[in-house]
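A.B. asks: Sequence isn't available, so here's the structure alone:
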Ligand code: ADP
Ligand code: MG
């Protein structure tokens, strides 16, 4: 029959000083399934070292260890974890319970990694603890239990996944004699039930419980005595040892469990969690607010420019050109506007001469600006007369002395009186008021647009200005997409008409492009400052995870001894990092929106964007993943024995 455990020439060396220290000097040992064996020896004889090797918590430096016929040196991490989980149950002198978990949770730990549901785990743990007389202590934490009770909890844990082989290292070492007796009685009864029990002790009295005593001295087996007939049961040995091939990917249940564990451990350190969160919250909040401010400012500026009309081309004389007098540049003439109307894609071409005049009526006297324009000016500006009418093409053709006044002029000259039909003297020339424009308000740079009098271009050139050189021709295009081509065509036409290129064109669409580019740069700048703070938050997460790993090395050791895979440990810490970051991300988005709304309340243009919020949140989660990875990997790569000894 295949022995359950077969050691051949097992040596263990620890690195120390000049040369390695050999602690086990070639152990040969065979233990069959169902045996109750005590390994006895004085302190320092290598008992614990041997047990760690037996339990696959550590590897031998030399020699061969066959478990159920299988050479364990051929097993990988995952298969070793399976062995620890499904075959072994450990009982340690110092119990090795997780201090933050309750009795039943400690007992149930190995079943997490075996994939039992929470209900199944709880039920089985309750059952085991009740059998061991701890039915009333399920929710007690280890520090609320006596030593004997803690040791019973750890026995229950060893049995959670079956515990075919119970490895107990000085299980009574920390107990008073009565509790020690009780623990030994329990181990005895496990042996009676068919478990293979290996007890390590320095105490001959304790060893006397076993059927067989193996005496260890300074790393060598001194004697191997059978006191009672072996109860070895060949059928108890697993036929062939075949750890299942597991996928490397975690299952959903595992992840859900990891999230629950993460939340618990975060709650256990809530102040630290809060401070870590804060870094991420501020980072994400800053991204959301900064981009909302940037976007809002951009949208605001663009809207203001848009108000002026993005479909407009304003043609003005080039400054270098011939001057007539009074700063008037002699290039553009009304006939140019007529010609420009024929250029494809041009919807309107409105010529304009403007100047300052003294307006007088009803004995009142004001200085205002006068604009001589064509009759399609209202269509260009989308600005209509609300009282009376704007002058027509006929008025234009007839050189009619008519005027349309702005609201400010109406108020200053006429007060509450009806201005329609009244005469107003513009630089002493009489014009009849035929309309009043709707209120337009101030321009973005503060000019009062309502402080104006409109007259027909013909009448204005003839009577007011005494010359017909235009200050500007404004073109409105049909199709903004082609505005650049239209601009080029207009310039070509005018160049042809004037024999030289003597105009400048202001293209509102390209101005808009430029301004929005500038604003985008500003937004990027704000965004990157915010992103840096998010990065700093991420570094905070990494820092705190490193601390968390360091102070939980013992817990990690316990988890590994109870069968956690490297993947489970990696996942646990990674989940904690991601949960902190994602939580921070959520709160950050909420905070960012709240601050944004406040800023909007005090009048700042704020434009939230859902993609930005989602991206900032995802960024936070990814930062948790990235910055949590190194600490989590560090935890997963710990050596179980070293981790366990870290208390
Ligand atoms: P026992 O359990 O019989 O008291 P151990 O197996 O714990 O003895 O230790 C046996 C010897 O190995 C001791 O001398 C101890 O100092 C040494 N030893 C144990 N673990 C280590 C280690 N990690 N590094 C170096 N020496 C060790
Ligand atoms: Mg020991």
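C.D. replies: Received the coordinates, thanks. As the structure is a computational prediction, the values presented were derived from the model and not from experiment. Residues are numbered from 1 along each chain as shown. Ligands and ions are numbered 1, 2, ... in the order given.
A.B. asks: So which residues of the stretch 201-350 of the chain form strands?
C.D. replies: 212-217, 220-226, 312-317, 346-361 (DSSP state E, counting those that start in this stretch).
A.B. asks: ok and the last one relative to strand 312-317, angle-wise?
C.D. replies: What it means is strand 346-361. Angle between the axes of strand 346-361 and strand 312-317 is 70 degrees (criterion: axes from the mean of the first three to the mean of the last three C-alpha atoms, to 10 degrees).
A.B. asks: Which elements pack onto the helix or strand just after strand 346-361?
C.D. replies: Counting by DSSP states H and E, the next helix or strand C-terminal to strand 346-361 is strand 364-373. Applying 3 or more C-beta pairs under 8 Å, 6 or more residues apart in numbering; DSSP states H and E, one finds that strand 364-373 makes contact with strand 346-361, helix 407-414, strand 452-456, helix 457-459. (Each C-beta comes from the backbone N, C-alpha and C, glycine too.)
A.B. asks: want to try JSON lines for these, with mean neighbour count, mean pLDDT and distance to residue 467 as columns?
C.D. replies: Shown next, in JSON lines, are the helices and strands packed on strand 364-373 (neighbours: other C-beta atoms under 10 Å; pLDDT from 0 to 100; distance: least, C-beta to C-beta, whole Å):
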{"stretch": "strand 346-361", "mean neighbour count": "19", "mean pLDDT": "93", "distance to residue 467": "8"}
{"stretch": "helix 407-414", "mean neighbour count": "20", "mean pLDDT": "93", "distance to residue 467": "24"}
{"stretch": "strand 452-456", "mean neighbour count": "26", "mean pLDDT": "96", "distance to residue 467": "15"}
{"stretch": "helix 457-459", "mean neighbour count": "22", "mean pLDDT": "94", "distance to residue 467": "12"}
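A.B. asks: quick one, which of the ones you listed is nearest to ligand 1?
C.D. replies: Taking C-beta to the nearest ligand atom, strand 346-361 is the member of these nearest to ligand 1, at 88.6 Å.
A.B. asks: do you know how far residue 21 is from ligand 1?
C.D. replies: 6 Å (C-beta to the nearest ligand atom, to the nearest Å).
A.B. asks: partner residues bridging that residue?
C.D. replies: residue 14 (DSSP bridges).
A.B. asks: burial count for it?
C.D. replies: Look at residue 21: counted by other C-beta atoms under 10 Å, it has 12 neighbours.
A.B. asks: if we can go back for a sec, can you redo the strands of the stretch 201-350 of the chain as a markdown table, where the extra columns are distance to residue 527?
C.D. replies: Putting the strands of the stretch 201-350 of the chain into a markdown table (distance: least, C-beta to C-beta, whole Å) gives the following:
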| stretch | distance to residue 527 |
| --- | --- |
| strand 212-217 | 67 |
| strand 220-226 | 70 |
| strand 312-317 | 32 |
| strand 346-361 | 39 |
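A.B. asks: if we can go back for a sec, in TSV: the helices and strands packed on strand 364-373, plus distance to ligand 1.
C.D. replies: Output for these, formatted as TSV (distance: least, C-beta to the nearest ligand atom, whole Å):
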stretch	distance to ligand 1
strand 346-361	89
helix 407-414	93
strand 452-456	94
helix 457-459	101
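A.B. asks: So which of those is nearest residue 268?
C.D. replies: Evaluated with C-beta to C-beta, the helices and strands packed on strand 364-373 place helix 407-414 nearest to residue 268, the distance being 70.3 Å.
A.B. asks: what residues does the closest one touch?
C.D. replies: Residues outside helix 407-414 that contact it (C-beta atoms under 8 Å, 6 or more residues apart in numbering) are 359, 361-362, 364, 366, 368, 405, 419, 422, 424, 436-440, 448, 450-453.
A.B. asks: From those residues, list just the buried residues.
C.D. replies: Buried members of the contacts of helix 407-414, counted by 16 or more other C-beta atoms under 10 Å: 359, 361, 366, 368, 405, 419, 422, 424, 436-437, 448, 450-453.
A.B. asks: what about residue 127, distance to residue 535?
C.D. replies: 50 Å (C-beta to C-beta, to the nearest Å).
A.B. asks: Please read the previous query as pertaining to residue 575.
C.D. replies: 21 Å.
A.B. asks: Also residue 434?
C.D. replies: For residue 434, the distance to residue 535 - C-beta to C-beta - is 67 Å.
A.B. asks: Have a look at these two and say which one is more surrounded.
C.D. replies: residue 434 (23 against 15).
A.B. asks: show me the contacts for the residue lying closest to the more buried one once chain neighbours are set aside.
C.D. replies: Nearest residue to residue 434, sequence neighbours excluded (C-beta to C-beta, 6 or more residues apart in numbering): residue 402, at 4.7 Å. Each residue near residue 402 by C-beta under 8 Å, 6+ apart is listed here: 391, 395, 431, 432, 433, 434, 455, 456, 459.
A.B. asks: what does the model give residue 525 for pLDDT?
C.D. replies: Per-residue confidence (pLDDT) for residue 525: 87.
A.B. asks: again with the one 3 residues further on
C.D. replies: Among the per-residue scores, residue 528 shows a pLDDT of 87.
A.B. asks: what about it, which helix or strand?
C.D. replies: Using DSSP H and E, residue 528 falls in helix 508-551.
A.B. asks: Any residue of stretch 550-570 touching ligand 1?
C.D. replies: No - applying C-beta under 6 Å from any ligand atom, one finds stretch 550-570 out of contact with ligand 1, separated by at least 12.8 Å.
A.B. asks: Straight-line length of that stretch, end to end?
C.D. replies: End-to-end span of stretch 550-570 (C-alpha to C-alpha, to the nearest Å): 14 Å.
A.B. asks: And for stretch 108-127, what's in contact with it?
C.D. replies: Outside stretch 108-127, the residues touching it (C-beta under 8 Å, 6+ apart) are 81, 85-86, 89, 98, 101, 104-105, 107, 135, 138, 156-157, 160-161, 251, 253-254, 257, 558-559, 562-565, 568.
A.B. asks: Filter those residues down to just the ones in strands.
C.D. replies: Assigned to strands by DSSP state E, the following of the contacts of stretch 108-127 qualify: residue 89.
A.B. asks: so can I have a markdown table of the helices and strands packed on strand 364-373 showing distance to residue 324?
C.D. replies: Converted to a markdown table, the helices and strands packed on strand 364-373 look like this (distance: least, C-beta to C-beta, whole Å):
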| stretch | distance to residue 324 |
| --- | --- |
| strand 346-361 | 12 |
| helix 407-414 | 28 |
| strand 452-456 | 20 |
| helix 457-459 | 17 |
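A.B. asks: A helix includes residue 124, no?
C.D. replies: Yes - assessed with DSSP: H, G, I helix; E, B strand; the rest coil, residue 124 lies in a helix.
A.B. asks: burial count for it?
C.D. replies: Neighbours around residue 124, by other C-beta under 10 Å: 19.
A.B. asks: Residue 524 now?
C.D. replies: With other C-beta under 10 Å as criterion, residue 524 counts 13.
A.B. asks: Can you tell me, leaving aside adjacent residues, what's nearest to it?
C.D. replies: Spatial nearest neighbour of residue 524, chain neighbours left out: residue 294 (7.9 Å); criterion: C-beta to C-beta, 6+ apart.
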